[in-house]
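K.L.:
structural data only, the sequence is not supplied:
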């Protein structure tokens, strides 16, 4: 299982050296491709060779490029890497509406439960009310309890004056960065398992290439919220390199899964595999993460 996140924030040349990524700066560092989950290019003076792109596709690495605002602006994903991509696309398009609605309800319910856990871990009020929203989620969430919970939750977590669309606030910049990293990692997992990220269960925008990733990300979002709430600066400012590095490192934080405690990257794999079983009509249950804190995953040998 790939687990390392590589963020490059200074001028560099990237090339392939046998089975490793060579990062040429003042000195050259080598990172085995098989250990890498994501690479984030966060400087305008980074060049890379075609074999590096080929290696990213071969090893299933998500390669992020940031824009002028230093937020992730695009992600390079392997192209049709699964042998049954067309078959799975047909399954995605043909999924029964009740199954899709039940899956979406499960995602919404776990998201709201994780929002309650986030408030609890931050010592905030409103946990009981958030939990009541989770208990009332029905198939397809026709009452939009997701939206109702979000409005109350963000006010409790970040204050009554918090406005999610205020792009000048550090908090929103951090949330957007963390969500973008998660979204790319989930899209990577979907493609690796033969699913088309454009075809969503609930999200269905014709202008969105990541509808399914935007469905599956929902239960994972409160992890970013918890991290941002714990690290909020006293004085507003831009995200620092350290801020971005810690947000990327959330992919290696432990979450609870039916299979046990594991990193977010591993949890994404299990969640995608459970989604596959729904499309194959082998199961009606999704394996989704539970927020348990901000403890980094420790490798055991």
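P.N.:
Everything's here; your move. A quick note: this is a predicted structure, and the numbers were derived from the prediction, not measured.

K.L.:
in the stretch 151-300 of the chain, which ranges drop under the pLDDT threshold?
P.N.:
234, 299-300 (pLDDT under 70).

K.L.:
domain assignment for this structure?
P.N.:
By the record's domain assignment, the chain is partitioned as 4-76, 85-279 (automatic domain parsing).

K.L.:
just name the most buried of the ones you listed.
P.N.:
When these are scored by mean count of other C-beta atoms under 10 Å, the highest mean neighbour count falls to domain 85-279 (a mean of 18). All C-beta spots, glycine's among them, are computed from the backbone N, C-alpha and C.

K.L.:
now do that domain: distance to the chain's middle.
P.N.:
Distance of domain 85-279 from the chain centroid (C-alpha atoms, centre = their mean, to the nearest Å) equals 7 Å.

K.L.:
do stretch 13-26 as well
P.N.:
26 Å.

K.L.:
picking up where we left off before, could you dump the domains of the chain to TSV with distance to residue 289?
P.N.:
Below are the domains of the chain laid out as TSV (distance: least, C-beta to C-beta, whole Å):
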stretch	distance to residue 289
domain 4-76	16
domain 85-279	4
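
K.L.:
which one of those domains lies closest to residue 297?
P.N.:
Residue 297 lies closest to domain 85-279 among those, at 3.8 Å (C-beta to C-beta).

K.L.:
can you give me the strands for the stretch 151-300 of the chain?
P.N.:
For the stretch 151-300 of the chain, the strands defined by DSSP state E, counting those that start in this stretch occupy 254-257, 260-263.

K.L.:
for residue 173, find the nearest of those.
P.N.:
Each of the strands of the stretch 151-300 of the chain has some distance to residue 173 by C-beta to C-beta; the shortest is strand 254-257, at 23.7 Å.

K.L.:
immediately after the top helix by length along the chain, which helix or strand?
P.N.:
If you go by DSSP state H, the chain has its longest helix at helix 97-121. Next in sequence after helix 97-121, counting helices and strands by DSSP states H and E, comes helix 127-135.

K.L.:
what's that following helix packed up against?
P.N.:
Applying 3 or more C-beta pairs under 8 Å, 6 or more residues apart in numbering; DSSP states H and E, one finds that helix 127-135 contacts helix 97-121, helix 145-158.

K.L.:
which residues touch stretch 42-52?
P.N.:
Residues outside stretch 42-52 that contact it (C-beta atoms under 8 Å, 6 or more residues apart in numbering) are 7-16, 21, 41, 66, 70, 241, 244.

K.L.:
correction: stretch 271-280
P.N.:
In contact with stretch 271-280 (C-beta under 8 Å, 6+ apart) are residues 88, 91-92, 95, 99, 103, 186, 189-190, 192-195, 216, 219, 283-289.

K.L.:
residue 142 belongs to a strand?
P.N.:
No. Counting by DSSP: H, G, I helix; E, B strand; the rest coil, residue 142 is not part of a strand but coil.

K.L.:
circling back: and the domains of the chain: which comes nearest residue 293?
P.N.:
The closest of the domains of the chain to residue 293 is domain 85-279. By C-beta to C-beta, the value is 6.3 Å.

K.L.:
and that closest one, end to end?
P.N.:
13 Å (C-alpha to C-alpha, to the nearest Å).
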